[in-house]
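# Would you be able to build a 3D model of this:
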Amino acid sequence: MQRQKSINAYAYIDAFAGTGYRKLASEEISEGLLLPEFLEEDSQRFLDGSARIALKVEPRFTKYIFIEKDAERFEELKKLKQEFPALSDDIMLEQEDANSYLLRFCGRDRKWMINHGRRAVLFLDPFGMQVEWKTLEAIAETQAIDLWLLFPLGVAVNRMLRKDGQIPEKWQHRLTTLFGTSDWVDTLYKVKTERTLFGEQTVTQKVDDPFASIGNYFVARLKSIFPGVADNPLPLYNSKNNPLYLLCFASANPKGSKTAINIAQDILRR
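Next comes the predicted model:
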């Protein structure tokens, strides 16, 4: 971005900044955002220190926006200003729900960003299914934000998709909120007819390769709203070689998306 004369400011936004070191809050379990039986210790190693990493990046960003809803973690986040005094004036701390803040930020500043040479890189790293589709739509509409997103492939989504299709209503709602449509049912399940002792019976079954199918479906959903999306999202595995997350990249800027995608896909291949 520094090479583009039309761009005069570029921000880094971390929507689940925590303390720079992530801990799971009890409300994230109680609100159904991440079910307790889905928790895995290995998921922690992918989520530690994103705020600190961003503050150490050279060349530096012109602005840092760290969003954290939890009061205790937000207090810890304030210490970053002391830890990085040279960047203190450019660090913005927002104690708010990530979806609420981003919807307002993208709606309020959309035209200002694109018309005045402002760009941003946004990192969304929820533990579970906190990110809502309407938030991703708002990000795409800015035409000024590049998005890195940890999609909860195995840690939540695949486990919610029961093999027999008998998914509790609350889980169905969470999946629809995540994908932005109920079409996931037709894509991730198949209906087949089987012969039984009582004649033919229609049954619903989960697709044979769920991880690949879920990943492909989500990438296709991203492509429906972003001008550029990396075709090679990176699965992040636990110690048992089960995929927990899918690291995805999408670019909202139509003019710069080709270059951004080339760079992102190279990073993901490495």
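
# buried residues in the helix or strand hosting residue 216?
Assigned by DSSP states H and E, residue 216 belongs to helix 210-223. For helix 210-223, the buried set under the neighbour-count rule, 16 or more other CB atoms under 10 Å, comprises 210, 211, 213, 214, 215, 217, 218, 219, 221, 222. Quick note: C-beta positions are derived from backbone N, CA and C, even for glycine.

# Going by distance to residue 187, which of the residues you listed wins?
Closest approach to residue 187 among the buried residues of helix 210-223 (CB to CB): residue 217, at 5.0 Å.

# Report the rounded mean pLDDT for the helix holding residue 216.
The pLDDT scores in helix 210-223 average 97.

# now do stretch 82-95
On average, stretch 82-95 scores 95.

# I would like the residues contacting that stretch, please.
For stretch 82-95, the surrounding residues in contact (CB atoms under 8 Å, 6 or more residues apart in numbering) are 52, 55, 60-69, 71, 74, 77-78, 80-81, 101.

# change it to 7 Å
Contacting residues not belonging to stretch 82-95 are listed as 55, 62-69, 74, 77-78, 80-81, 101 [CB atoms under 7 Å, 6 or more residues apart in numbering].

# Make a PyMOL selection of the buried ones in these.
A single PyMOL command selects the buried members of the contacts of stretch 82-95 (16+ other CB under 10 Å):
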select buried, resi 55+62+63+64+65+66+67+68+69+74+77+80+101
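
# quick one: which of the contacts of stretch 82-95 is nearest residue 192?
residue 69 (43.4 Å).

# Confirm that that closest one sits in a helix.
No. Assigned with DSSP: H, G, I helix; E, B strand; the rest coil, residue 69 falls outside any helix and is coil.

# what's the following helix or strand after the helix or strand of the chain with the lowest mean pLDDT?
Scoring the helices and strands of the chain by mean pLDDT, DSSP states H and E places helix 26-30 at the bottom, with a mean of 42. Tracing the chain past helix 26-30, the next element assigned as helix or strand by DSSP H and E is helix 50-56.

# I'd like the average pLDDT over that next one.
Averaging pLDDT along helix 50-56 yields 89.

# who touches that helix?
With contacts defined as CB under 7 Å, 6+ apart, helix 50-56 is touched by 12, 14, 17, 20, 64, 66, 80, 84, 87, 123, 125.
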